[in-house]
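Participant: Quick one: sequence plus predicted model below, questions after.
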Amino acid sequence: MKFEQATPFDLDAIKELLESYGLPANDIKGHLDNFIVAKESNVLIGVGGWESFKEVALLRSFAVNTSHKGLGIAEKILKLLEEQAANSGVKSFYLLTDTATNYFERFEYSRRSRENAPESIRKTKQFSELCSHTATMMYKDLCEKIKP
């Protein structure tokens, strides 16, 4: 299994995987520079990405093929994304989820009120249109949590 930077060639497979979970996929093309994919025998089996807003970012588009769940793929993608973002100057991650709150709490993400989201996060399509208004917002300070 290999983990690598997403490319435009991965776009259709990324969309297919995200849509299989009912996740928004129409707006990811412009953010591929911040996406990591997991592949096995050149078949995409996992993906994660983030949108950057200088020192804050929105973690999004996170999925692993059902046949590969429980193998630590999502955790590896998450760690790579956190490192990538921190190395790019991002100091904190926000995310919205309807189903994975407990999962992200395992990695030191905490629940936050949506009203406390930074303006840049509130203006994203994910926040304002694509995710349900009942989705839980979560937060992680990358400066404190990323360890060498």
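Facilitator: Nice, I can see it.
Participant: residues contacting residue 38?
Facilitator: 1-3, 44-47, 64, 68, 73, 76-77 (Cβ atoms under 8 Å, 6 or more residues apart in numbering). To be clear about C-beta, it is placed using only N, CA and C from the backbone, and glycine gets the same treatment.
Participant: mind redoing it with 6 Å?
Facilitator: With contacts defined as Cβ atoms under 6 Å, 6 or more residues apart in numbering, residue 38 is in contact with 3, 45-46, 73.
Participant: you'd agree residue 139 is in a strand?
Facilitator: Yes. Residue state for residue 139 (DSSP: H, G, I helix; E, B strand; the rest coil) corresponds to a strand.
Participant: neighbours of it, just the number please.
Facilitator: Using other Cβ atoms under 10 Å, residue 139 has 20 neighbouring residues.
Participant: on that earlier part again, report the two of the contacts of residue 38 separated the most.
Facilitator: Of all pairs drawn from these, the one with the longest distance (Cβ to Cβ) is 3 and 45, at 10.4 Å.
Participant: If you count surrounding residues, which of the two has more?
Facilitator: Ranked by neighbour count (other Cβ under 10 Å), residue 3 and residue 45 place residue 45 first, with 21 against 15.
Participant: strand partners of the longest strand anywhere in the chain, parallel vs antiparallel please.
Facilitator: In terms of residue count, the longest strand belonging to the chain (DSSP state E) is strand 43-53. Note on strand 43-53: by DSSP bridges, its sheet partners are strand 35-40 (antiparallel), strand 56-64 (antiparallel).
Participant: What residues sit buried inside it?
Facilitator: 44-53 (16 or more other Cβ atoms under 10 Å).
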